[in-house]
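>>> No sequence on hand, only this structure:
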Ligand SMILES: Nc1ncnc2c1ncn2[C@@H]1O[C@H](COP(=O)(O)OP(=O)(O)O)[C@@H](O)[C@H]1O
């Protein structure tokens with residue numbers, strides 16, 4: 001317990017020096033939101049805290065620099081990621097977390113790696129982090145935030161589907177390339193809700 005706390009304090013100090021003040025605040029806010037969702041869903045709070053804190057550790061560089069760093073370190077970049085560079089900090093962040101911050105927990109690394117796009121068959125921590133990144137208290141951009149914040153504490157799959165649905169609509173309007181992993185995740189959650197008979201018209 002004491003060890004976990006001192007590890008978190010050390011990572012916070014390092015991130016504070018490396019991220020912009022706003023990005024650092026966002027990371028803290030996501031970390032606390034992850035813990036709160038972990039409480040709700042009976043997930044390990046320490047792992048959730050660490051995943052939330054570290055999720056944007058790759059976002060200290062511009063997208064172009066992140067691409068160069070991925071190529072330099074042999075991190076595979078798909079053709080789609082090359083066209084949608086905004087998603088790449090997640091994969092690079094997972095690499096940094098493992099290789100520079102020495103985080104070895106596969107669930108934490110997986111959650112960091114898929115926090116921008118989601119993916120099919122996400123673990124509980126994958127979902128907690130993806131959702132916390134969207135609903136954290138300092139976020140204000142999306143119109144559906146009050147609804148998503150309430151839904152997050154009712155059902156993770158419903159919330160994943162609703163956020164992915166809104167994000168695809170937003171990205172389509174915005175124009176530009178959309179990473180196909182986001183669509184794959186959307187289809188996956190749609191089918192998952194359908195198979196449970198839980199896909200309602202309002203989502
Ligand atoms: N080209 C893309 N393909 C798939 N997902 C994307 C793409 N660009 C951004 N996203 C994701 O969509 C969400 C909204 O994007 P955006 O508004 O650009 O980012 P943010 O909310 O971080 O400012 C974020 O979760 C982001 O990771």
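That came through fine. Remember, it's a predicted structure, so these values are computed and weren't measured experimentally.

>>> Ramachandran coordinates for the nearest residue to residue 19 once chain neighbours are set aside?
Spatially, and ignoring its direct neighbours in sequence, residue 19 is nearest to residue 60 (5.6 Å; CB to CB, 6 or more residues apart in numbering). C-beta: built from backbone N, CA, C; applies to glycine. Dihedral pair for residue 60: phi -90, psi -10, per degrees, to the nearest 10.

>>> Same question for the one 4 residues further on.
Torsion angles at residue 64 (phi, psi; degrees, to the nearest 10) stand at phi -70, psi -40.

>>> ok, residue 87 - contacts?
With contact set as CB atoms under 8 Å, 6 or more residues apart in numbering, residue 87 has these partners: 81, 116-117, 179, 181.

>>> at 7 Å what do you get?
81, 116-117, 179 (CB atoms under 7 Å, 6 or more residues apart in numbering).

>>> do residue 163 as well
Contacts of residue 163 by CB under 7 Å, 6+ apart are 131, 134, 148.

>>> that older thread, can you tell me which of the contacts of residue 87 are up against the ligand?
Filtering the contacts of residue 87 for proximity to the ligand (criterion: CB under 6 Å from any ligand atom) leaves 116-117, 179.

>>> circling back: mind giving me TSV with the contacts of residue 163 and columns for secondary structure and neighbour count?
Conversion of the contacts of residue 163 to TSV gives the following (DSSP: H, G, I helix; E, B strand; the rest coil; neighbours: other CB atoms under 10 Å):
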residue	secondary structure	neighbour count
131	helix	26
134	helix	25
148	helix	19
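
>>> Just name the closest of these to the ligand, please.
residue 134 (7.0 Å; CB to the nearest ligand atom).

>>> Phi, psi for the most centrally placed residue in the chain please.
Taking CA atoms, centre = their mean, the centroid of the chain lies closest to residue 115, which sits 2.4 Å from it. The main-chain torsion angles of residue 115 are listed as degrees, to the nearest 10 and equal phi -80, psi -10.

>>> Surely the residue nearest to residue 19 touches residue 16?
No. Applying CB atoms under 7 Å, one finds residue 60 not in contact with residue 16, separated by 11.4 Å.

>>> is the ligand contacted by the longest helix along the chain?
The longest helix of the chain (DSSP state H) is helix 21-41. No. On the criterion CB under 6 Å from any ligand atom, helix 21-41 is out of touch with the ligand, staying 8.9 Å away.

>>> helices or strands up against that helix?
Contacts defined by 3 or more CB pairs under 7 Å, 6 or more residues apart in numbering; DSSP states H and E place helix 21-41 against helix 2-18, helix 45-54, helix 124-135.
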